[in-house]
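Student: With the input below, show me the fold.
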Amino acid sequence: MNEPVLVINVNYEPLNVCSTRRALGLLLTGRAEMVANGRGYVRTVRLSIPRPSVIRLDRMVRRPRPKVRLTKRELFRRDNYTCQYCGQRVARLTIDHVVPRHRGGEHIWSNLVTACPACNLHKGGRTLGEAHMALRRRPWEPLATTAYLFGPMMETNQEWRPYLEGW
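Tutor: As a prediction, the model looks like this:
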């Protein structure tokens, strides 16, 4: 009941991913219709309900363009789970402010990178020039494209591909 279900708008724009339980609630209350079923059925004592993989809402939901939230997980994903100073892939990464906060550095996408503990300790509260270090890539804010938002889930849910490719 916790398998992911793609929720699309009336105009087939992908909105988000919800659980099968939530999708069944939307279907049974008439607020959505099933577009793709590829997962069998949910059986109750009296009913046998198709288990959806893609549902379409019955009303248009207007929302602002999505932005990628600034979280640790998204920073690791943006930097491909590698240290931005030495390029190593280590099990325990840390977050480093390129310009330290006590020197006026902000907590924004363009000032945050992932670093291994050794590089983070070496840099400390200094700037890149003072620590004689260089970044492998300049930090940036990732765009909230469909491929970025739904890409990891698209590999396991191939039936979503037709609904995500046009956006």
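Student: list the helices and strands the lowest-mean-pLDDT helix or strand in the chain packs on?
Tutor: One helix or strand of the chain scores below all others by mean pLDDT, DSSP states H and E: helix 146-154, with a mean of 81. Packing contacts for helix 146-154, counted by 3 or more C-beta pairs under 8 Å, 6 or more residues apart in numbering; DSSP states H and E, involve strand 14-19, helix 161-164. For the C-beta atoms, the positions are set from N, CA and C on the backbone; glycine is no exception.
Student: Indicate which one of those is closest to residue 35.
Tutor: Evaluated with C-beta to C-beta, the helices and strands packed on helix 146-154 place helix 161-164 nearest to residue 35, the distance being 7.4 Å.
Student: How about the most centrally placed residue in the chain: what's its closest non-neighbour residue?
Tutor: With distances taken as C-alpha atoms, centre = their mean, residue 149 lies nearest the centre of the chain, 4.6 Å away. Counting by C-beta to C-beta, 6 or more residues apart in numbering, residue 149 lies nearest to residue 66, which is 6.7 Å off, once chain neighbours are set aside.
Student: Ramachandran coordinates for the one you found?
Tutor: In terms of degrees, to the nearest 10, the main-chain angles of residue 66 are phi -70, psi 150.
Student: So for it, what's the pLDDT?
Tutor: On the pLDDT scale, residue 66 is placed at 84.
Student: Run through the residues that contact the nearest residue to residue 116 once chain neighbours are set aside.
Tutor: Nearest non-adjacent residue to residue 116, counting by C-beta to C-beta, 6+ apart: residue 83, 4.0 Å away. For residue 83, the contacting residues are 89-90, 93, 114-116, 119, by C-beta atoms under 8 Å, 6 or more residues apart in numbering.
Student: Lowest-confidence member of these, which is it?
Tutor: residue 90 (92).
Student: where in the protein is pLDDT low?
Tutor: For the chain, the stretches with pLDDT under 70 are 167.
Student: ok so, going back, chain center to the least confident helix or strand of the chain: distance?
Tutor: Mean-position distance between helix 146-154 and its chain equals 7 Å (C-alpha atoms, centre = their mean, to the nearest Å).
Student: again with stretch 121-130
Tutor: With C-alpha atoms, centre = their mean as the basis, stretch 121-130 stands 30 Å off its chain's centre.
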